[in-house]
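Student: next comes the sequence, and after it the predicted model I'd like to discuss.
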Amino acid sequence: KAGVTQTPRYLIKTRGQQVTLSCSPISGHRSVSWYQQTPGQGLQFLFEYFSETQRNKGNFPGRFSGRQFSNSRSEMNVSTLELGDSALYLCASRSSTGRWTEAFFGQGTRLTVV
Amino acid sequence: AQSVTQPDIHITVSEGASLELRCNYSYGATPYLFWYVQSPGQGLQLLLKYFSGDTLVQGIKGFEAEFKRSQSSFNLRKPSVHWSDAAEYFCAVVTLTGGGNKLTFGTGTQLKVEL
């Protein structure tokens, strides 16, 4: 069974640009969550999607958005990039959002904003 | 609010020695607890989980963890560390939010293994 796939693995963007990251969950998993990892703030929850609906959102500005498609693949978008957005963005998939099931993470996308 | 504390930022052990990484949580009810490991530049790999039942849980790579409600702890242990265990380890708890649940992570413990 294939794991969680995130593309691209690395990105370099300029301040002010926007970026889109992609995540394909494990087959059959309908919940996709996104986390930001930085040396200063650690791992922080961005949002969760289930069946194309955002179920949960972390404390991030509106520049951070996401969506989920009918095949459960998810994209995350960051507009008007700032230097502080440089981070490892991790996607996690779970089989459901009812009773908690373990989350499986992708390899991440390393975003560098210059 | 639910939280996780990992008191040790860095730990160094010799190969073959035993290991214990500490994790304390703050949560009112029975928590769902996890340990993840992260190698440099990689994602998080699930080592083990505790949902309920037996308080000693076994995971992959020879790791185990013990849930102690009285101490609000979920410490990770390994009897004999291998050089390949060098990585960063994260403890996490499922946190209830207004619209759903999420994982709240500790700040991580960086493990160095001396040969």
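Tutor: Cool, the structure landed.

Student: list the contacts of the residue nearest to the spatial centre of chain A.
Tutor: Centroid check for chain A by C-alpha atoms, centre = their mean gives A:W34 as the closest residue, at 3.1 Å. Shown in contact with A:W34 (C-beta atoms under 8 Å, 6 or more residues apart in numbering or on different chains): A:C23, A:F45, A:L46, A:F47, A:E48, A:G66, A:S74, A:M76, A:Y89, A:L90, A:C91, A:A92. C-betas here are computed from N, CA, C, even on glycine.

Student: any idea what the fifth one is bridged to?
Tutor: When bridges are taken as DSSP bridges, the partners of A:E48 come out as A:S33, A:N56.

Student: with A:M76 instead?
Tutor: A:L21, A:G66.

Student: now swap in B:L111 and tell me
Tutor: So, taking DSSP bridges as the rule, B:L111 has B:I11, B:A87 as bridge partners.

Student: count the neighbours of it for me.
Tutor: Other residues within reach of B:L111 by the criterion other C-beta atoms under 10 Å in any protein chain shown amount to 21.

Student: show me the shaky parts of chain B.
Tutor: Within chain B, the stretches with pLDDT under 70 are B:97-99.

Student: go with 90
Tutor: For chain B, the stretches with pLDDT under 90 are B:1-3, B:27-31, B:40-42, B:51-54, B:94-102.

Student: which parts of it are strands?
Tutor: For chain B, strands defined by DSSP state E occupy the ranges B:3-5, B:10-14, B:19-21, B:24-26, B:33-38, B:44-50, B:56-58, B:64-68, B:73-78, B:87-96, B:101-105, B:109-114.

Student: return the residues in contact with the closest residue in space to A:R55 that isn't next to it in sequence.
Tutor: Spatial nearest neighbour of A:R55, excluding adjacent residues (C-beta to C-beta, 6 or more residues apart in numbering or on different chains): B:G100 at 4.3 Å. Each residue near B:G100 by C-beta under 8 Å, 6+ apart is listed here: A:E48, A:F50, A:R55, A:N56, A:T97.

Student: quick one: which of the residues you listed is most hemmed in?
Tutor: Neighbour counts for the contacts of B:G100, by other C-beta under 10 Å, peak at A:E48, which reaches 29 neighbours.

Student: what's the distance between that residue and B:S3?
Tutor: 19 Å (C-beta to C-beta, to the nearest Å).

Student: up against chain A, what does chain B have?
Tutor: Contact residues (C-beta under 8 Å from any C-beta of the partner chain) of chain B with chain A: B:32, B:34, B:36, B:41-46, B:49, B:51, B:90, B:94, B:97-108.

Student: stretch A:100-114: which residues count as buried?
Tutor: Residues of stretch A:100-114 classed as buried: A:100-111, A:113 (neighbour count, 16 or more other C-beta atoms under 10 Å in any protein chain shown).
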